[in-house]
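> got a predicted structure here, sequence first:
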Number of protein chains: 2
Amino acid sequence: MASTSTAYKRSYGDRAKAQSNPAARALLETMERKKTNLCVSVDTVKPADFLAIIDAVGPYICLIKTHIDILEDFEWSIIERLEELAKKHDFLIFEDRKFADIGNTVAMQYAAGVYKIASWAHITNAHPVPGPSIVKGLSSIGFPLQRGLLLLAEMSTAGALTKGTYTEEAVQMARVHNDFVIGFIAQRRMNGIGAAPGEAQDEDFIILTPGVGLEAKGDAMGQQYRTPREVVLESGCDVIIVGRGVYGKDLSDIDGIRARAERYRGEGWSAYLERIAS
Amino acid sequence: MASTSTAYKRSYGDRAKAQSNPAARALLETMERKKTNLCVSVDTVKPADFLAIIDAVGPYICLIKTHIDILEDFEWSIIERLEELAKKHDFLIFEDRKFADIGNTVAMQYAAGVYKIASWAHITNAHPVPGPSIVKGLSSIGFPLQRGLLLLAEMSTAGALTKGTYTEEAVQMARVHNDFVIGFIAQRRMNGIGAAPGEAQDEDFIILTPGVGLEAKGDAMGQQYRTPREVVLESGCDVIIVGRGVYGKDLSDIDGIRARAERYRGEGWSAYLERIAS
């Protein structure tokens, strides 16, 4: 339970005001304005499916999560179209790149190459495993562009090594660079983790949580699922990330995709309202 | 010290014979045939520099390490040219992708997208942090193509979180999937790490070690350096990975690049000869 966390009980809109990072502020403001804590993850390989799904779920989300490097026949017009949809439907873009190299390398991967991630993704993420240099390297590119970074403090897969001091050191790393690190990919609130008693009481990291589903309990590749209520109310996370639970197996069933996005948005938001009223 | 490891004292050629994975066998055979344990890492953004450096260092290396996603103006002809150079100079290709996502996602990232890494990289690598699903996901694509995977058991950067049980669990994960996991990115031999007494005595994982330099002691982004002798003889690693130490600051100085590659090859091979004679 996260009831000792001040952020746990405050509204997204209220928390937005205290954020110094522009991407963090924009995300929380969008959540408040659109009444949604749903992020849809679109893991499809055909650009036409990718864009059609995003257009369908756009009204119900605060954030879209992409793996730009799985798209077939990538061309820059896909990015332009994605940015148009973000503007049309009022959501932010999170490239789930999971950077995991040394500072010098991630700076190049973030800024350059075919995808130029820093130029269009408001938010990206990184594993803390290489140590603080990864945050410095990414910040050297992203901070001047008003981007935000999430650190992967925990993973939802079976047998993940993100435990014990690993998670504590991830949070400590974020605390040192809290102008650029806006939150965590995690399974619970991270406030005060790895901090000395009394330290870090007012910190407010945004928690985004994958592995959210209403029905499925897991897949053959080790993914495990929890419900929006478990994630937002019981564990105190802020943004629920839903992939296949929204877009399903029939990518041409746009009405079904839209209906499932609306349903997840409702479940996530109810859990949040119950949380701040508790 | 790694003197208890049987692999430590055996020749690369002898070890090649016992490898079931085709990429592992080809790498060790190439090392023996060309008398080199040098892998050059080419972290340049311009394709012309990238290819010119590889052509220059080709005669001295067993393996080229790439970050394909930092190249500007990527087009498929760069891959074709890289494959021609690998054939011309008799080396293998290692895409240092540092996969770090769940099984379902890494399978798509490895097979698809612009880069189609599995189609050309004999070897790639992954962080064990998501748990065993990452190995299963990559193996589902790479094993049928006779590819090999390295797990990042340790990193050479300051403050890296690859320590204690993290490294032990990485090695245990490799042991379970040793048809596809051929070795580690690490700072020392990994034989028997995390194993019960008497278990895993004959295992032979190939150890590739970054952060090797003859002069520089580190950079501003947290990279730390050791010499080829420290790495190969004292720590028992098999392949030295050298980047800026070979290609330097003046990318047009091809003669200098060639000379430094030859020097590192000599230093690495001397340390290896001293090791197997010890």
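Cool, got the structure. Numbers count the residues shown, from 1 in each chain, chains lettered A, B, ... in the order given.

> residue ranges for the helices of the stretch 151-278 of chain A, please.
Along the stretch 151-278 of chain A, counting by DSSP state H, counting those that start in this stretch, helices occupy A:165-176, A:228-229, A:244-247, A:254-277.

> mean neighbour count, mean pLDDT and distance to chain B added to the ones you listed, as JSON lines?
(Glycine included, C-beta is placed from N, CA and C.) Formatted as JSON lines, those follow (neighbours: other C-beta atoms under 10 Å in any protein chain shown; pLDDT from 0 to 100; distance: least, C-beta to the nearest C-beta, whole Å):
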{"stretch": "helix A:165-176", "mean neighbour count": "20", "mean pLDDT": "95", "distance to chain B": "5"}
{"stretch": "helix A:228-229", "mean neighbour count": "23", "mean pLDDT": "96", "distance to chain B": "20"}
{"stretch": "helix A:244-247", "mean neighbour count": "24", "mean pLDDT": "95", "distance to chain B": "9"}
{"stretch": "helix A:254-277", "mean neighbour count": "18", "mean pLDDT": "98", "distance to chain B": "19"}
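
> relative to B:Arg265, which of these is closest?
Ranking those by proximity to B:Arg265 (C-beta to C-beta) places helix A:165-176 first, at 37.1 Å.

> quick one: contacts of the closest one?
The contact list for helix A:165-176 (C-beta atoms under 8 Å, 6 or more residues apart in numbering or on different chains) reads A:128, A:131-132, A:135, A:151-154, A:162, A:181, A:183-184, A:186, A:190, A:193-195, A:200, A:203, A:205, B:159, B:161, B:164, B:166.

> ok and that helix relative to helix B:165-176, angle-wise?
In terms of direction (axes from the mean of the first three to the mean of the last three C-alpha atoms, to 10 degrees), helix A:165-176 departs from helix B:165-176 by 130 degrees.

> and helix A:165-176, how far from the chain's centre?
For helix A:165-176, the separation from the chain centroid amounts to 18 Å (computed by C-alpha atoms, centre = their mean, to the nearest Å).

> related to what we said a few turns ago, give me the buried subset of the contacts of helix A:165-176.
Among the contacts of helix A:165-176, those scoring as buried are A:128, A:131-132, A:135, A:151-154, A:162, A:181, A:183-184, A:186, A:190, A:193-195, A:200, A:203, A:205, B:159, B:161, B:166 (criterion: 16 or more other C-beta atoms under 10 Å in any protein chain shown).

> residue contacts, A:Ile254?
A:Ile254 sits next to A:Ala52, A:Ile53, A:Ala56 when contact means C-beta under 8 Å, 6+ apart.

> scratch that, A:Leu145 is what I was asking about
A:Leu145 sits next to A:Ala118, A:Ser119 when contact means C-beta under 8 Å, 6+ apart.

> quick one: contacts of the helix or strand of chain A with the lowest mean pLDDT?
Lowest on mean pLDDT, DSSP states H and E among the helices and strands of chain A sits helix A:6-9, with a mean of 86. The contact list for helix A:6-9 (C-beta under 8 Å, 6+ apart) reads A:2-3, A:15, A:189, A:191, A:201-202, A:204-205, A:236, A:275-276, A:278.

> between those residues, which is nearest B:Ala23?
Using C-beta to C-beta, these come closest to B:Ala23 at A:Phe205, 41.0 Å.

> would you mind measuring from the residue nearest to the closest one when sequence neighbours are not counted to B:Gly236?
Leaving aside its sequence neighbours, A:Phe205 sits nearest to A:Gly183 (C-beta to C-beta, 6 or more residues apart in numbering or on different chains; 4.3 Å). Distance from A:Gly183 to B:Gly236, counting by C-beta to C-beta, to the nearest Å: 41 Å.

> what does A:Thr167 give?
A:Thr167 sits 32 Å away from B:Gly236, going by C-beta to C-beta.

> ditto for A:His122
Remark: distance between A:His122 and B:Gly236 (C-beta to C-beta) = 45 Å.
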